[in-house]
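>>> Prediction below, plus the sequence it came from.
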Amino acid sequence: MVRCWKHSENHLEEAQCTDGGPAVSPHFPHKVFWVSLSASLLLVIIALGLTGHLGVSQPPTQSLQIVRITASDQTGVLVNQTAVVDQRDDLVTFSVTSPANQTSTVLFDMKHGLICYKPVNQDSCFLRNMETSDYENARSLLSKSTHKQSQFQLSGNETQRQTEFLGVLAASQVDISTLEEPLQVLCQDRTVHWTRRVEGPGKQRLVYFCIDICFPSNICVSVCFYYLPE
């Protein structure tokens with residue numbers, strides 16, 4: 001005899017099936033189907049969630065590369081530079097160490113067309129728009145880093161030297177919150193001022209400091225700053 005159950009108001013009571021056949025609820029197969037489908041969907045959602053989490057949490061492989069450049073300055077003293085090349089975000093960050101072991105930082109943000117200088121012993125960062133030659137110089141590092149070469153020794157006799165003068169616009173202070181994140185991080189403890197490229201300071205202007213930057217293309221650029229009148 002097959003056990004069947006009938007539902008009363010307060011409890012379940014056992015009753016004998018009277019139809020002579022197996023007492024199977026007509027809703028049982030549908031219930032099994034929907035439970036199985038729900039469980040399968042839940043497993044799929046969990047699997048997709050784990051896959052997405054692992055994909056996001058994994059660091060981008062080989063996105064950053066460190067390139068070291070050794071060159072002599074105009075006096076013949078060796079200057080060491082380190083460039084961190086970020087292929088994904090089109091960033092090149094130079095750390096230029098002077099013979100006195102003081103380091104200035106120069107950031108080339110090719111995605112937004114900006115160069116930011118953070119000189120040592122200064123209270124400000126200096127910003128300017130990139131020009132064609134700047135893109136060419138920065139891309140020489142990007143192309144070299146894709147070939148896995150991480151050390152460059154520039155020959156003094158073959159190095160092409162250039163000098164650039166940047167006039168600092170003291171009255172044009174930049175709201176740092178309007179800059180992109182890499183620039184904000186670099187200059188978070190300083191004021192930021194726009195500069196513009198000029199032919200030279202003239203006899204009445206004093207050059208306050210220079211930063212020498214060398215590239216694997218055997219080009220060294222001496223960037224010199226002076227303040228323009230307000």
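Everything's here; your move. This structure is a prediction, so every number in the text was calculated from the model and none was measured.
>>> Buried residues in whichever strand or helix holds residue 67, which are they?
Element membership of residue 67, judged by DSSP states H and E, is strand 64-72. Using 16 or more other CB atoms under 10 Å as the test for burial, strand 64-72 gives 65, 67, 69, 71, 72. For every residue, glycine as well, the C-beta is placed using N, CA and C.
>>> What is the end-to-end distance of stretch 79-96?
Stretch 79-96 has its terminal residues 8 Å apart, counting by CA to CA, to the nearest Å.
>>> Could I get the average pLDDT for it?
Mean pLDDT, computed over stretch 79-96, is 91.
>>> Enumerate the positions of that stretch that are buried.
79-81, 83-86, 91-96.
>>> Stretch 217-230 now?
217, 219, 220, 221, 222, 223, 224, 225, 226, 227, 228.
>>> swap in stretch 121-133?
124, 125, 126, 127, 128, 130.
>>> Then stretch 152-172?
Buried residues in stretch 152-172 (16+ other CB under 10 Å): 152, 154, 159, 164, 165, 166, 167, 168, 169.
>>> Please name the residues that touch the closest residue to the fourth one other than its chain neighbours.
Read it as residue 164. Residue nearest to residue 164 in three dimensions, not counting chain neighbours: residue 223, with 5.0 Å by CB to CB, 6 or more residues apart in numbering. Listed by CB atoms under 8 Å, 6 or more residues apart in numbering, the contact partners of residue 223 are 106, 117, 164, 166, 210, 211, 212, 213.
>>> and stretch 209-223, C-alpha only, in CSV?
What follows is stretch 209-223, C-alpha atoms only, in CSV (Å, rounded to 0.1, in the frame of the first residue of the first chain):
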residue,chain,number,x,y,z
PHE,A,209,67.8,75.2,-12.6
CYS,A,210,68.0,72.6,-15.4
ILE,A,211,67.1,68.9,-15.7
ASP,A,212,69.0,66.7,-18.1
ILE,A,213,66.9,63.9,-19.7
CYS,A,214,68.5,61.3,-22.0
PHE,A,215,66.7,58.9,-24.3
PRO,A,216,67.8,55.5,-26.0
SER,A,217,67.7,57.3,-29.3
ASN,A,218,71.0,58.9,-28.2
ILE,A,219,69.5,62.3,-27.6
CYS,A,220,70.0,64.2,-24.3
VAL,A,221,67.8,67.3,-23.6
SER,A,222,68.8,69.8,-21.0
VAL,A,223,65.5,71.5,-19.8
